[in-house]
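[1] Quick one, fold the following:
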Amino acid sequence: MTALLDPAPVSAIFLGFLLGLQHATDPDHLVAVATILTRERRFASGALIGVLWGAGHMTTLTIVGAIIIGLKLTITPAVGGGLELVVAAMLIVLGVLRLRDAVRAPETVPAGHLVADHDHGGGVGVVHSHPHVHDAEHAHEHPHIHPSRWLATLGWRSGWPAGRALVVGAIHGLAGSAAVSLLVLATLRSTASAVIYLIIFGLGTIIGMTLLTAVMAYPVSMALRYRRARQALALCAGVGSIAFGLVYGYRLI
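    Okay, the predicted model is just below:
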């Protein structure tokens, strides 16, 4: 306990918070989060993506990092490089999914199939049907579920961007756990101090990414009001993520 109060560990832990803020600005982090963010038409939902990404990142970074530090494990460069290749592959997959989502966007669905967005309240969803028309002589209905407003706010209605943000953050945290753990081991000798460092570092990353996504979310939400802007953003985000993932992976090989 005394070690935690020593000036050196305290200053190192504070530095961890600042490094966490900076860590959020890593290019591969920004590309991944921006790719997910370009689906969100509401500012609050967009800003929430940063929180969820940071939560996933902090969880794996803290757990895996604590195991590495506690057991004094040695992570070889090959393992670290392999985890970074997983990140590269993930960026490519994110780009492909973004392009697929763009093709499946509501504006590509015939007008007769579109259903008004409304909430029936209570529960997680209500199964019911709405009639719709394909042409003047053909009308029928499909049963479907409207998710609750709460789930819609999390983004589950539109292709699970919330789930994507958590998973992507967790993979980023796993890939970065080896490097961060080495830094901690070189700075702090106490296991308790090292774990606290990882937690503070993770909190810094959450705050940093939340601020960044909040800045990005407003112009994105405004642009997504227009069909051409939605198409352009989807194309740029998808192609950009794929291209970055390919270059990122190539440099690791």
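
[2] This protein: helices as residue ranges?
    Taking DSSP state H as the test, the helices found in the chain are 2-5, 7-23, 27-37, 43-70, 77-103, 149-154, 161-187, 191-223, 227-252.

[3] Could you list the low-confidence segments of the chain?
    Low-confidence segments of the chain, defined by pLDDT under 70: 1-8, 105-161.

[4] Dihedrals phi and psi, Glu40?
    For Glu40, the backbone dihedrals (degrees, to the nearest 10) come out as phi -90, psi 120.

[5] What is the burial count for it?
    Glu40: 23 surrounding residues under other C-beta atoms under 10 Å. In this view, the C-beta of every residue, glycine as well, is placed from N, C-alpha and C.

[6] And Leu30, by the same measure?
    17.

[7] And for Val96?
    14.

[8] Arg42 too?
    14.

[9] check contacts around it.
    Ser221 (C-beta atoms under 8 Å, 6 or more residues apart in numbering).

[10] how near is it to Leu21?
    Remark: distance between Arg42 and Leu21 (C-beta to C-beta, to the nearest Å) = 25 Å.

[11] Could you do Met209 as well?
    From Met209 to Leu21 the distance is 9 Å (C-beta to C-beta).

[12] now swap in Arg39 and tell me
    For Arg39, the distance to Leu21 - C-beta to C-beta - is 26 Å.

[13] Next: Leu185.
    22 Å.

[14] Centroid-nearest residue for this protein?
    Centroid-nearest residue in the chain, with C-alpha atoms, centre = their mean: Ala165, separated by 2.5 Å.

[15] Who has more neighbours out of Arg39 and Leu21?
    Taking other C-beta under 10 Å, Arg39 and Leu21 do not tie; Arg39 has more neighbours (25 against 19).

[16] Am I right that the more buried one is in contact with Asp101?
    Yes. In this structure, Arg39 is within contact of Asp101 by C-beta atoms under 8 Å, at 6.5 Å.

[17] so what's Ala223 closest to, chain neighbours aside?
    Ala229 (4.2 Å; C-beta to C-beta, 6 or more residues apart in numbering).

[18] Give the burial count for the one you found, as a bare number.
    Ala229 - counted by other C-beta under 10 Å - has 13 other residues nearby.

[19] now Ile36
    28.

[20] how much space between it and Leu21?
    Distance from Ile36 to Leu21, by C-beta to C-beta: 20 Å.

[21] Now do the buried residues in stretch 75-86.
    Gly80, Leu83, Glu84 (16 or more other C-beta atoms under 10 Å).

[22] And stretch 238-253, by the same measure?
    Gly238, Gly240, Ser241, Ile242, Phe244, Gly245, Tyr248, Gly249.

[23] Among those, which one sits closest to Met90?
    Gly245 (7.4 Å; C-beta to C-beta).

[24] quick one, what contacts the closest one?
    Ala88, Ala89, Met90, Leu91, Ile92, Leu94, Gly95.

[25] hmm, 10 Å instead?
    28, 31-32, 35, 87-96 (C-beta atoms under 10 Å, 6 or more residues apart in numbering).

[26] Could you do Phe201 as well?
    Taking C-beta under 10 Å, 6+ apart as the test, what Phe201 contacts is 13, 15-21, 23, 57-58, 61-62, 65, 176, 180, 183-184.

[27] What separation is there between it and Arg98?
    29 Å.

[28] Ok, Lys72 next?
    41 Å.

[29] of the two, who's got more company?
    More crowded of Lys72 and Arg98, by other C-beta under 10 Å: Arg98, with 26 against 8.

[30] Next up, the contacts around that one.
    34-36, 38-39, 159, 164, 233-242.

[31] One more pass at 6 Å, please.
    Thr35, Ala237, Gly238 (C-beta atoms under 6 Å, 6 or more residues apart in numbering).

[32] just curious, which of those is nearest to Thr191?
    After measuring the contacts of Arg98 against Thr191 - C-beta to C-beta - the closest member comes out as Thr35, at 36.9 Å.
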